[in-house]
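Student: Structure of the sequence below:
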Amino acid sequence: MQFQAVDLVLGQILNYVDKDPRKNLLRLVDGAQKLVGSIYPGKNFDNFRAALNDPDNVWADFACSIIRDMDRSALQKAIMAMGYGNYIGTRTVRENREKYKCNFPYIILLDPTSACNRKCKGCWSAEYGHKYSLTLEEMQSVVAQGRELGTHLYMMTGGEPLIRKDDIFKLCEENPDCMFLCYTNATLVDDAFCKEMNRLGNLTLALSIEGTEETNDSRRGAGSYEITVRAMDLLREHRCLFGMSVCYTSENIEQVTSDAFLDLMIEKGVKFGLYFNYMPIGKDAVPELIPSPAQREYMYKWLRRVRDSRTGKPMFVMDFQNDAEYVGGCIAGGRNYFHINSAGDIEPCVFIHFADSNIRTHTLLEALQRPLFQAYYHGQPFNDNHLRPCPMLENPDCLRHIIGETGAKSTDILAPESVETLCARCDKFAAAWAPEAERIWNSTAHPQTKTYYYRDTQEGTN
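Tutor: Predicted coordinates for the structure are as follows:
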């Protein structure tokens, strides 16, 4: 009843905003602060107001573009799922963290299937074949348990998750207070899919693309770029909310960060970009694809330039490696998210294929309380320099210690590998990046994040 009441009011608000988006969005921010100001920092609302009062602010233009470009019914449903769902979930997550003394996630990643119709260079998923899948009932159980934990955002990886699109549609329909995102190669996006996206409203896509046609297809296969761009055109025509997923490597950084690439993506209707540092996972990993320290510094500076309110682009871009200072370091192990693979293994991170629990033998709460996730809970952040957040890529000895201490087993479906084999691929980069990260960290101002530190220290207790 509360959800329906808020939904009704939101519809009236959106009609009001339409009359003068900038002016009335400003009033909406004031109302939102009165409603949820006790949960989110006051400076966030101040930043929103400053942006909307600035006629040249990129982010004000971005907000107005969302209202202008999205299907109105779908936009309302997405706001309800992301806004109302996250409001309810945030309170529950914080209460549960205090009650159970362990990590509780805002996001759960899960792989509906290991099957994929592409074979991208450096991607472990393509090697798994059609061996494993989660049943619809198992995915329904994950979401039901997750909502009890306070989790209202679910990301589908794989494999190619849209191979299971009918089941994903069902999950979206059953959980209107949750938002679902699929990372996809876009091969299964058609008119019927776009219409269903808009009917549901709480489903969005991150389409995999990597720069130019040449750099994209060299890793993702001939014709991949054309398929993805065509899907973007279709999604834009249907006024769907979607973004892009970019894996940046030592070979494609120039192309995936160029103004020409970003401008084209914005023209195609892309509203957000999720950037991932290449991780050397699996038996066919290529450590040489890890960006060099110089490239990593370039990404750090580029990210801040492209998000600048005056010089940036009207697309929300985030980089899970270089944005760690905004979330207090590593977010894996359930601190902000964890991953469930297509065999049901509950892993701390989509890039760290080790587990000591499985959805077929443990509840999600039990997994969070078991040794592997507890090691994350007590160890985070793994480095006080948040330019070195990961216990694998930048701090490989941390992962060696965690796996050795907890006895977690490799979950690699094809060829289980030892933690030593995995971490050895990261040692060279970690050693080279450490002094550069210290130089940048010590010479740059950083945000004071309102976040949780779980080390057994007075700071953590406070």
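
Student: pLDDT below threshold where in the stretch 1-150 of the chain?
Tutor: Low-confidence segments of the stretch 1-150 of the chain, defined by pLDDT under 70: 35, 117-130.

Student: one more time with 90
Tutor: Residue ranges of the stretch 1-150 of the chain with pLDDT under 90: 1-56, 60, 63-64, 67, 79-80, 82-91, 94-95, 97-98, 101, 114-132.

Student: Give me the number of neighbouring residues for the residue nearest to Asn341 when sequence neighbours are not counted.
Tutor: The shortest distance from Asn341 to any residue other than its chain neighbours is 5.1 Å, reached at Asp111 (Cβ to Cβ, 6 or more residues apart in numbering). (Each C-beta comes from the backbone N, C-alpha and C, glycine too.) Using other Cβ atoms under 10 Å, Asp111 has 29 other residues around it.

Student: quick one, what contacts Asp111?
Tutor: Residues near Asp111 by Cβ atoms under 8 Å, 6 or more residues apart in numbering: 125, 134, 156-159, 161, 339-342.

Student: out of these, who's nearest Val286?
Tutor: In terms of Cβ to Cβ, no member of these lies closer to Val286 than Ser125, at 15.2 Å.

Student: So what pairs up with the residue positioned nearest the centre of the chain in the strands?
Tutor: By Cα atoms, centre = their mean, the chain has its centre lying nearest to Leu274, at 6.8 Å. With DSSP bridges as the criterion, Leu274 is bridged to Ser245, Met318.

Student: correct me, but it touches Cys247?
Tutor: No: contact criterion Cβ atoms under 8 Å: Leu274 and Cys247 do not qualify, at 9.8 Å.

Student: what ranges do the strands span in the stretch 351-462 of the chain?
Tutor: Ranges of strands in the stretch 351-462 of the chain, per DSSP state E, counting those that start in this stretch, are 354-355, 409-410.

Student: what's the spacing between Gly223 and Val229?
Tutor: Counting by Cβ to Cβ, to the nearest Å, the gap from Gly223 to Val229 is 11 Å.

Student: should've said Cys182
Tutor: Using Cβ to Cβ, Cys182 is found at 18 Å from Val229.

Student: Look at these two and report which has more neighbours.
Tutor: Per other Cβ under 10 Å, whichever of Cys182 and Val229 has more neighbours is Cys182, with 26 against 18.

Student: show me the contacts for the residue nearest to the centre of the chain.
Tutor: 206, 243-246, 318, 320.

Student: any idea which of these has the most stuff around it?
Tutor: Among the contacts of Leu274, the one with the most neighbours (other Cβ under 10 Å) is Met244, at 27 neighbours.

Student: show me what contacts that one?
Tutor: 206-209, 265, 270, 272-274.

Student: And for Asn57?
Tutor: 50-51, 309-310.

Student: at 6 Å instead, please
Tutor: If you count contacts by Cβ atoms under 6 Å, 6 or more residues apart in numbering, Asn57 has them with 51, 309.

Student: quick one: the helices in the stretch 1-150 of the chain?
Tutor: Shown for the stretch 1-150 of the chain, the helices assigned by DSSP state H, counting those that start in this stretch span residues 2-19, 21-36, 42-53, 58-69, 72-79, 85-100, 125-128, 136-149.

Student: Give me the buried stretch members for the longest one, please.
Tutor: To tie it back to what came earlier, the one meant is helix 2-19. Of all the residues in helix 2-19, those buried under the rule 16 or more other Cβ atoms under 10 Å are 6-7, 10, 13-14, 17.

Student: That one relative to helix 72-79, how many degrees between them?
Tutor: Per axes from the mean of the first three to the mean of the last three Cα atoms, to 10 degrees, the angle that helix 2-19 makes with helix 72-79 is 130 degrees.

Student: Make 747 the starting number, not 1.
Tutor: Sure, I'll start counting at 747 from here, so that last one is helix 748-765.

Student: Can you tell me what sits against helix 748-765?
Tutor: Residues contacting helix 748-765 (Cβ under 6 Å, 6+ apart): 770-771, 822, 826, 830.

Student: Same question for the second one.
Tutor: Taking Cβ under 6 Å, 6+ apart as the criterion, the residues outside helix 767-782 that touch it are 762-763, 791, 794-795, 798, 810, 813, 833.

Student: Name the residues of it that come out as buried.
Tutor: Those buried within helix 767-782 under the rule 16+ other Cβ under 10 Å are 767-768, 770-772, 774-775, 778-779, 782.

Student: Over to the fifth one?
Tutor: Within helix 818-825, the residues that qualify as buried by neighbour count (16+ other Cβ under 10 Å) are 820-825.

Student: now, among those, which is nearest to Pro1142?
Tutor: If you rank the buried residues of helix 818-825 by distance to Pro1142 using Cβ to Cβ, Ala824 comes first, at 38.8 Å.

Student: Could you check how far the closest one is from Gly947?
Tutor: Taking Cβ to Cβ as the measure, Ala824 falls 5 Å from Gly947.

Student: how is this structure carved up into domains?
Tutor: Domain assignment for the chain by automatic domain parsing gives 748-817, 818-1208.

Student: tell me the contacts of the closest residue to Ser879 other than its chain neighbours?
Tutor: What sits nearest to Ser879 in space, not counting adjacent residues and going by Cβ to Cβ, 6+ apart, is Thr859, at 4.3 Å. Neighbouring residues of Thr859 by Cβ under 6 Å, 6+ apart: 879, 904-905, 909-910, 1088.

Student: Could you find which two of the residues you listed are furthest from each other?
Tutor: Most distant of the contacts of Thr859, by Cβ to Cβ, are Ile909 and Ser1088, 10.8 Å apart.

Student: Which one's more surrounded, these two?
Tutor: Ser1088 (24 against 21).

Student: Return the residues in contact with the more buried one.
Tutor: Ser1088 neighbours (Cβ under 6 Å, 6+ apart): 857, 859-860, 878-879.

Student: Go ahead and list the helix or strand containing it.
Tutor: Ser1088 belongs to no helix or strand when elements are defined using DSSP states H and E.

Student: Near Pro1039, how many other residues are there?
Tutor: By the criterion of other Cβ under 10 Å, Pro1039 has 17 neighbours.

Student: Confirm for me that it is in contact with Glu1182.
Tutor: Yes: shown here, Pro1039 and Glu1182 form a contact pair, counting by Cβ atoms under 6 Å, at 4.5 Å.

Student: if I look at the residue nearest to Asn1087, how far off is Asn832?
Tutor: 23 Å.

Student: hmm, back to that, adding distance to Cys1076 as columns, could you present the buried residues of helix 767-782 in TSV?
Tutor: What follows is the buried residues of helix 767-782, written out as TSV (distance: Cβ to Cβ, whole Å):
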residue	distance to Cys1076
Pro767	38
Arg768	38
Asn770	39
Leu771	34
Leu772	36
Leu774	34
Val775	31
Ala778	30
Gln779	30
Val782	27
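
Student: Having no further points to raise, I will conclude here.
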